[in-house]
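1. Quick check, what structure comes out for this input:
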Amino acid sequence: MSPLSVVLAGGGTGGHIEPMLALADALTRRAEGPRVTCLGTARGMETRLVPARGYDLRLIPPVPLPRRPTLDLLRVPGRVRRSVAETRALLDELAADVVVGFGGYVALPAYLAARRAGVPVVVHEQNALPGLANRIGARIAARVAVTVPDTPLHRGEHVGMPLRTAISGLDRAARRAEARETFSLDADRPTLLVFGGSQGAASLNRAATAAADALTAAGVQVLHARGPKNTDVTVPPRPAGAAPYVVVDYLERMDLAYAAADLALCRSGAVTVAELSAVGLPAAFVPLPIGNGEQRRNALPVVEAGGGLLVDDADLSPSWIEATLLPLLTDPAALSSYAAHAAAAGVPDADERLADIVLEVARGDR
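-> Predicted coordinates:
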């Protein structure tokens, strides 16, 4: 019998692509050895990330969905018809047994094409507030998996966020010495990790660097990813005896950054929240102040479980860091408690859970 054919639709942004690839890895580890094909578009990050991980990528026309009623909305039906027709042809060529969608403009035509082809659908939603594509997909899906409990999605099952094994299997304590040496940090000081996504975050950069003197004078060292374009974000060399403040453009090894840290100051994108809780690293979450409020909702389960703090972007300041984070960073017992609660909120085996669901649905269609 030929292997199961699993088609994954999750192009566009890293928030869709990373869980898609984590699921692909989990599927290929299985004894069944399913054939995995990823769908994407020519303009997404998937054109680089998917082939780099060794997976077959097939391109379909994108169907961007306007957030507000505009004249562009009138063009959507034609775009959908074209993309669905091309995607349906791909599903037939691949003899797809199941289509797994992660939302966004790649997932919608995949869901509709799968319905026309009679191929079962599994939906995975990363955010606490689902987007339009997954709200549509959930209505026709055989199974619906969500990252955040109580996500308002039809028949959603709490599965968690599929993560790379380098993250989900990370032993922070065992890797701490190696990690701190990698980033030229001292071995035994409390450590704050500051990052704002791949491009950095201006408000986090401003507040953290302005608090540098207070933090390092109190013995707290900082690893700060400013973003590759933010070369103006600098911290003068620390005086003798002060803790280090290390500024880098980008963190290629997030596993080592997490291992080096005792606390993070960061945004609360879905992948970030899932990774931090999976590795048991508490955080002060600063939700992105635009959009529909999904980043606040992403962080709330971890915060309410006692695994982190939440501060509005407008309220983040050097004085807030000094008054709130500095006492926490210098209190080992409090840090340990926050870390334990963060880990309790995490789901490190979400990739395997989702793989179980996908294979169950695929086999049922044979």
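2. contacts and neighbour counts: CA atoms only from here.
-> Fine.
3. what sits against Arg226?
-> Phe195, Gly196, Gln199, Gly200, Ala201, Asn205, Val233, Val247, Val248, Asp249, Tyr250 (C-alpha atoms under 8 Å, 6 or more residues apart in numbering).
4. Now flag whichever of those is closest to Leu185.
-> Val247 (11.2 Å; C-alpha to C-alpha).
5. quick one on the thing from earlier: turn the contacts of Arg226 into a markdown table, columns for secondary structure, pLDDT and distance to Ile357.
-> A markdown table is the format used below for the contacts of Arg226 (DSSP: H, G, I helix; E, B strand; the rest coil; pLDDT from 0 to 100; distance: C-alpha to C-alpha, whole Å):
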| residue | secondary structure | pLDDT | distance to Ile357 |
| --- | --- | --- | --- |
| Phe195 | strand | 96 | 33 |
| Gly196 | coil | 90 | 33 |
| Gln199 | coil | 77 | 34 |
| Gly200 | coil | 79 | 35 |
| Ala201 | coil | 89 | 36 |
| Asn205 | helix | 96 | 41 |
| Val233 | coil | 91 | 45 |
| Val247 | strand | 96 | 42 |
| Val248 | strand | 95 | 40 |
| Asp249 | coil | 94 | 39 |
| Tyr250 | coil | 92 | 35 |
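6. Now the buried members of those.
-> Buried members of the contacts of Arg226, counted by 16 or more other C-alpha atoms under 10 Å: Phe195, Gly196, Gly200, Ala201, Asn205, Val233, Val247, Val248, Asp249, Tyr250.
7. List the buried residues in the helix or strand Arg353 falls within.
-> Following DSSP states H and E, one finds Arg353 within helix 350-364. Within helix 350-364, the residues scored as buried using 16+ other C-alpha under 10 Å are Ala350, Asp351, Glu352, Arg353, Leu354, Ala355, Ile357, Val358, Leu359, Val361, Ala362.
8. Quick check: the last one touching Gly118?
-> No: in this structure, Ala362 sits apart from Gly118 without contact. The criterion is C-alpha atoms under 8 Å, and the distance is 12.0 Å.
9. Give me the distance from the helix or strand that contains Glu275 to the chain's centre.
-> For Glu275, the host element (DSSP H and E) is helix 270-279. With C-alpha atoms, centre = their mean, to the nearest Å as the basis, helix 270-279 stands 7 Å off its chain's centre.
10. which residues make contact with it from outside it?
-> Outside helix 270-279, the residues that reach it (C-alpha under 8 Å, 6+ apart) are 15, 126-127, 160-161, 163, 167-172, 258, 282-283, 295, 298-299, 302, 307, 342-348.
11. circling back: so which of the contacts of Arg226 would you say is closest to Ala323?
-> Nearest to Ala323 among these: Asn205, at 17.6 Å, using C-alpha to C-alpha.
12. Now for that closest one: which residues touch it?
-> Counting by C-alpha under 8 Å, 6+ apart, Asn205 makes contact with Arg226, Val233.
13. Would you agree Leu39 falls within a strand?
-> Yes: the assignment for Leu39, made by DSSP: H, G, I helix; E, B strand; the rest coil, places it in a strand.
14. if I read this right, it contacts Leu8, doesn't it?
-> Yes: in this structure, Leu39 is within contact of Leu8 by C-alpha under 8 Å, at 6.0 Å.
15. re earlier: tell me which entries of the contacts of helix 270-279 lie within strands.
-> Judged by DSSP state E, the subset of the contacts of helix 270-279 located in strands is Ala283.
16. Give the PyMOL command for selecting the buried subset of the contacts of helix 270-279.
-> What follows is the PyMOL syntax selecting those of those that are buried according to 16+ other C-alpha under 10 Å:
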select buried, resi 15+126+127+160+161+163+167+168+170+172+258+282+283+295+298+299+302+307+342+343+344+345+346+347+348
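17. Show me the shaky parts of the stretch 1-150 of the chain.
-> Low-confidence segments of the stretch 1-150 of the chain (pLDDT under 70): 63-78.
18. all helices of it, in order?
-> Assigned helices in the stretch 1-150 of the chain, in chain order: 14-28, 46-52, 76-94, 107-117, 132-140 (criterion: DSSP state H, counting those that start in this stretch).
19. most tightly surrounded among those?
-> Mean neighbours per residue, mean count of other C-alpha atoms under 10 Å, is largest over these for helix 107-117, with a mean of 24.
20. related to what we said a few turns ago, now for the helix holding Arg353, which elements pack on it?
-> helix 14-28, strand 98-101, strand 143-146 (3 or more C-alpha pairs under 8 Å, 6 or more residues apart in numbering; DSSP states H and E).
21. Return the member of the contacts of Arg226 nearest to Ser319.
-> Closest to Ser319, out of all of the contacts of Arg226 and judged by C-alpha to C-alpha, is Asn205, at 14.0 Å.
22. ok, now how distant is that closest one from Phe195?
-> For Asn205, the distance to Phe195 equals 8 Å [C-alpha to C-alpha, to the nearest Å].
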